[in-house]
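K.L.:
sequence first, predicted coordinates after that:
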Amino acid sequence: MTASSLRLASTPLHVREARRKRLVYGILTAFFVVTQILWVGIPVLMAILWSLVDPQHPWSFPQLFPEKLSWAQWAYVFKYTNIVRALKTSYTVAPLAVILSFILSLPTSYVLGRKNIPGKKVFMLVVLLPIIMPGMVVALFLSRVFAAFHLTQSFFGLVLAHTLMGIPYMIRVLTTSFEAIPQDIIDAAENLGANTFIKIKDIFLPMVRPGLLAGMVFAFTTSIEEFNLTFVIGTPTFETIPTILYSFLGYNFIRTNASVVALIMMTPNIVLLFIVERILKSDYLSASLGKV
Amino acid sequence: MDQKKDVALIHYLMILPGVGFIVLFLGSSILITVAQSFGLFSVTGTSRFTLVNWKTLWERETLDSVVFSLKMGVLSSVGTLLFAFPVGLFLRKGGAGKRFLASLIKIPLFIPALVAAFLILNIISYHGIVNEVLLGLGFIKEPLRMLNDKFGWGVVAIQIWKNLPFVLLIVSASLASIRDDIIDAARNLGANNWAILFRIYIPLAMPGILVSMILMFIKAFGDFPITSVAGPTYPPSIALRMRNTATLFQEWDKAAVMGVIIIVTTLFMTWLYSRLAQAVEGGNP
């Protein structure tokens, strides 16, 4: 009998059982973390490597890594493609769509969050429809409606379309924030003689602010990602980052260019949403995706 | 009494900007789709009521597309669930590393669909890393064709990768609402792990499971960009065929019929969703 087995035999059964459980749990955690790092990391890493391949030294089949890395692809994409113009369009349409959807959502969310009106459930379902309805159907036949009002191939039409896709997130998140304000606070303020202006300034605004931030980020990233409506209503007059990426993935598949555009498109999104996650509770994520 | 009515009117007026905006644009586009499928408001030619466009329902190519899209919808939702459920079960129990794991898993949720499509098609392409690793390990003798393959596995892979966090979010919320007492009680009564999985976890998480599967189905069924990039050359998804019929062949009325097919399928699924949402509220007070 060795010393270790002696010690093992002397420890009580439930302690050994707990140790075994902790070990199994640790192995499982390690397994999930490693698979997740590979699951997310490998695709992203491959895209980064492809975007850094030197054009003079192509990366082909038997090589494990590119022979030489350089920024040449990035320089090429910025110099010879429409990416700069697309970036400008994307980042002007998105803030405008966010502002418009905020203005439209505010009164709606206030009523949906605070008043118990008949038909509320139906309204909440209608609000979700732009997310639920398949984008291409909406895009194609909205373009017929827009054509009647000369809104296709127009900047304003693009802003309206992006607002339509972002407004569900804005309304749902704001509604949840309005719902969360305790009625007591409002009653107390009224008892102390607060008027509407004071109520808005000192109660509604501070308490809705986190939700407002979340709604704005969701509407913003939705607009940056929006493909179907932009593709049908905006192109070829207006190109955004997704339509550029689509063109690189389509008939003329250029992997290196696509890598650059993909990285340009995803980085701000991930950063923005992680900032929001840090600032806010993750409840907002589920609130915007629908009540479960 | 009068005052109460007045207040209500103001409330409905206040709802108008947000809900009205959605109803105006979404409603008008749905109306146009339905009208054009019957030959009204025709873009080309004369507008008159006709059922002739609906003949496309019996065309081989349309049927192939519908079947393909249904297949993608079912496989994507079942596939994502198979990946998400074990992770959700694991995340249910707290512990070190869980927070890190949870935020790691969420990353694809923040990656736009087209970017996700590109990231995955990169690794499953003919000489992509997946094929090279499988070749290196000797599992296969020739690289597998996973991209633009006839079946559509490439599309399913992209859908699973992109939507895993979305389904996980819903499923783990459902799993988290199951109380530990029930599981302890079952163990005391002699239930083994399998019994707990099949008779407690799965039935009690069922509302969340069904809702996430329905939402996933809708997404994958009506998808355009992912099938366009990674799908087979034939058949195209129904959304892809609709778009081509409308803008390439200028047969808008025929495209409208396909639009109606997609809308009806989606609305049917949404109806199911609302019924299930009610069941969730009723089941877990």
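P.N.:
On my side now, so go ahead.

K.L.:
what's the closest non-adjacent residue to residue A:133?
P.N.:
Distances taken as Cβ to Cβ, 6 or more residues apart in numbering or on different chains place residue B:266 nearest to residue A:133, at 6.1 Å, with adjacent residues excluded. (Glycine included, C-beta is placed from N, CA and C.)

K.L.:
which residues does stretch A:91-111 contact?
P.N.:
A:117, A:155, A:158-160, A:162-163, A:166-167, A:170-171, A:174-175, A:177-178, A:204, A:212, A:215-216, A:219-220, A:223-224, A:240, B:11, B:14-19, B:21 (Cβ atoms under 8 Å, 6 or more residues apart in numbering or on different chains).

K.L.:
count of neighbours near residue A:38?
P.N.:
A count of nearby residues for residue A:38, using other Cβ atoms under 10 Å in any protein chain shown, gives 11.

K.L.:
thinking again about what came up before, can you give me the pLDDT of the residue nearest to residue A:133?
P.N.:
Per-residue confidence at residue B:266 stands at 87 (pLDDT).

K.L.:
one more: residue B:161?
P.N.:
93.

K.L.:
for the residue of the stretch 51-200 of chain A found nearest chain B, grab the count of nearby residues.
P.N.:
When scored by Cβ to the nearest Cβ, the stretch 51-200 of chain A has residue A:134 as its residue closest to chain B, at 2.4 Å. As a burial measure, residue A:134 scores 24 neighbours (other Cβ under 10 Å).

K.L.:
can you check residue B:134 too?
P.N.:
14.

K.L.:
and the gap between the residue of the stretch 51-200 of chain A closest to chain B and residue B:60?
P.N.:
Here the criterion is Cβ to Cβ, to the nearest Å. By it, residue A:134 lies 23 Å from residue B:60.

K.L.:
equivalent analysis for residue B:273, please.
P.N.:
Counting by Cβ to Cβ - residue B:273 and residue B:60 are separated by 32 Å.

K.L.:
tell me the domain ranges of chain A?
P.N.:
A:3-72, A:82-289 (automatic domain parsing).

K.L.:
now these in CSV, with mean pLDDT?
P.N.:
As requested, those are exported to CSV (pLDDT from 0 to 100):
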stretch, mean pLDDT
domain A:3-72, 78
domain A:82-289, 86
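
K.L.:
skipping adjacent residues, who's closest to residue A:185 in space?
P.N.:
Closest to residue A:185 by Cβ to Cβ, 6+ apart is residue A:203, at 5.9 Å.

K.L.:
rewinding a little: list the contacts of the residue of the stretch 51-200 of chain A closest to chain B.
P.N.:
B:218, B:221, B:222, B:223, B:224, B:239, B:262, B:263, B:266.

K.L.:
gap between the first one and residue B:273?
P.N.:
The gap separating residue B:218 from residue B:273 is 8 Å, by Cβ to Cβ.

K.L.:
re the thing from before, among the contacts of stretch A:91-111, which ones are in helices?
P.N.:
Members of the contacts of stretch A:91-111 lying in helices (criterion: DSSP state H): A:155, A:158-160, A:162-163, A:166-167, A:170-171, A:174-175, A:177-178, A:212, A:215-216, A:219-220, A:223-224, B:11, B:14-15, B:21.

K.L.:
for PyMOL, what selects the buried ones among these?
P.N.:
To isolate the buried ones among the ones in helices among the contacts of stretch A:91-111 in PyMOL, judged by 16 or more other Cβ atoms under 10 Å in any protein chain shown, type:
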select buried, (chain A and resi 158+159+160+162+163+166+167+170+171+174+175+177+178+212+215+216+219+220+223+224) or (chain B and resi 11+14+15+21)
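
K.L.:
mind telling me what element residue B:142 is part of?
P.N.:
For residue B:142, there is no host helix or strand (DSSP states H and E).

K.L.:
next one, pLDDT for it please.
P.N.:
Note on residue B:142: pLDDT of 78.

K.L.:
how about the one 10 residues further on?
P.N.:
According to the predicted model, the pLDDT of residue B:152 comes to 86.

K.L.:
what does the one 4 residues further on give?
P.N.:
Among the per-residue scores, residue B:156 holds a pLDDT of 94.

K.L.:
helix or strand next in line after the helix or strand harbouring it, which one?
P.N.:
Under the criterion of DSSP H and E, residue B:156 resides in helix B:153-176. Using DSSP H and E, the helix or strand that follows helix B:153-176 in sequence is helix B:180-188.

K.L.:
contacting residues for the residue of chain B found nearest chain A?
P.N.:
The minimum distance from chain B to chain A, using Cβ to the nearest Cβ, falls at residue B:222 (2.4 Å). Contact analysis of residue B:222 by Cβ under 8 Å, 6+ apart lists A:133, A:134, A:135, A:136, A:137, B:69, B:238, B:239, B:262, B:265, B:266.

K.L.:
mind showing which ranges of the stretch 51-200 of chain B have poor pLDDT?
P.N.:
For the stretch 51-200 of chain B, applying pLDDT under 70 flags the ranges B:94-96.

K.L.:
which one's more surrounded, residue B:273 and residue B:60?
P.N.:
Between residue B:273 and residue B:60, counted using other Cβ under 10 Å, residue B:273 has the larger neighbour count: 19 against 8.

K.L.:
once you drop chain neighbours, what's closest to the more buried one?
P.N.:
Nearest non-adjacent residue to residue B:273 (Cβ to Cβ, 6+ apart): residue B:214, at 5.2 Å.

K.L.:
quick check, that neighbour in a helix?
P.N.:
Yes: Residue B:214: assigned to a helix according to DSSP: H, G, I helix; E, B strand; the rest coil.
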